[in-house]
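*Asks:* Give the three-dimensional model of this entry:
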Amino acid sequence: MGAPISAPKEDQLVDDIEAIKQVKYRYLRTLDTKAWDEFESTLADDVTGDYGDSLSFTTRDQLVDFMKSSLGPAIITEHRVDHPEIVVDGDEATGRWYLQDRVIVADFNFMLFGAAFYNDRYRRTAEGWKISATGYDRTYEATVSLEDMPSFKVKPGAALNL
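*Replies:* From the prediction side, this is the model:
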């Protein structure tokens, strides 16, 4: 009989989970601040994306280009995730996150908000953990006309890379 397979050291597992959390948080921060080069750096070269029924990507360039072109300076986004469920298996991992998001397009008096569950895959690379697949399944999505809220005002903050 061969040697028994040993579980990864607890410290390494904790470090891996923390690194995966950090890459997910960086993905969201750079998406919301439109820091596109840093956003791209969170993604594996062969990343795939699936954001519902009609929005999927098979390359990193497709995903990044879509975000850049769709979320321009006039669009304010807020993405928050919590309740991570991360499972590490060697140099691969999966993660499930609860998402709450908001999109404000003041020029069109439009706001969307909703919730979803992200389902991600991660891969350890020479540069650290990267997202190799991402996407979510919505639990709900709601929209409102900002004309219905005459006192609503938006002032973008300095953190946006505009």
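*Asks:* three-state assignment of residue 19?
*Replies:* Here residue 19 is recorded as helix under DSSP: H, G, I helix; E, B strand; the rest coil.
*Asks:* nearest residue to it other than its sequence neighbours?
*Replies:* residue 129 (4.8 Å; CB to CB, 6 or more residues apart in numbering). (Each C-beta comes from the backbone N, C-alpha and C, glycine too.)
*Asks:* What separation is there between the one you found and residue 65?
*Replies:* Distance, residue 129 to residue 65, using CB to CB, to the nearest Å: 23 Å.
*Asks:* repeat for residue 109
*Replies:* 27 Å.
*Asks:* And for residue 115?
*Replies:* Distance from residue 115 to residue 65, by CB to CB: 26 Å.
*Asks:* Now for residue 60, how many residues are close by?
*Replies:* By other CB atoms under 10 Å, the residues close to residue 60 number 19.
*Asks:* again, but for residue 130
*Replies:* 22.
*Asks:* which SSE is it in?
*Replies:* Residue 130 is part of strand 128-145, with elements assigned from DSSP states H and E.
*Asks:* List the buried residues of stretch 146-158.
*Replies:* residue 146 (16 or more other CB atoms under 10 Å).
*Asks:* hang on, the earlier thing: now do the strand holding residue 130: which elements does it pack against?
*Replies:* helix 10-33, strand 43-51, strand 92-105, strand 110-125 (3 or more CB pairs under 8 Å, 6 or more residues apart in numbering; DSSP states H and E).
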